[in-house]
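Chemist: sharing a sequence plus its predicted fold:
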Amino acid sequence: MAVTASKSGSGYARGAGAYARVGVESGVMSASPHQLIVMLFDGALASIRAAKLHMENGNTQEKGKSISKALDIVNNGLRAVLDGEKGGEIAANLDALYDYVARQLLQANLHNDVEKIDEAVRVLDDIGSAWRDIGPQVNGN
């Protein structure tokens, strides 16, 4: 079976998707460690906001996928880079906050609770904003 790419066909969509992935991968490859953390916050928040929209629209399957993606970013991205030895109390506090966010997301998914989603967004947005604010100091500007 031959695959042809046309603007209206799925070949075009696959090509556009591949182009977007290359853009994201290029951004990751050129990002500083600080920028990578900002990207993790952005990705988690985008996934949580998507989950909220899916929840409000009754799309249970997509809600679950979005929450799973957000949990993966929080648990295997943000929590995984914490250094308890170097970070001390700050790292321990962040770990507790990320655990709290993960529990909020699990409860939101289980009970279709928009308030839990909003709480997870609030906490991650607060931490992410603080992280963005220290960017100039970290990057030497």
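Modeler: In hand now; what should we look at? The structure displayed is predicted, hence computed values, not measured ones.
Chemist: the protein: strands as residue ranges?
Modeler: Assignment of strands within the chain using DSSP state E yields no ranges at all.
Chemist: ok, longest helix in it?
Modeler: Taking DSSP state H as the criterion, the chain has its longest helix at helix 84-111.
Chemist: which elements pack onto it?
Modeler: Where contact means 3 or more Cβ pairs under 8 Å, 6 or more residues apart in numbering; DSSP states H and E, helix 84-111 is packed against helix 33-56, helix 60-73, helix 114-133. The way it works is simple: take the backbone N, C-alpha and C, and place the C-beta from them, glycine included.
Chemist: quick one, what contacts the closest residue to residue 81 other than its chain neighbours?
Modeler: Excluding the flanking residues, the one nearest residue 81 by Cβ to Cβ, 6 or more residues apart in numbering is residue 37, at 6.9 Å. Neighbouring residues of residue 37 by Cβ atoms under 8 Å, 6 or more residues apart in numbering: 78, 81, 131.
Chemist: the closest residue to residue 135 other than its chain neighbours - how many residues pack around it?
Modeler: Nearest in space to residue 135, with sequence neighbours left out and distances taken as Cβ to Cβ, 6+ apart, is residue 34 at 5.9 Å. Look at residue 34: counted by other Cβ atoms under 10 Å, it has 16 neighbours.
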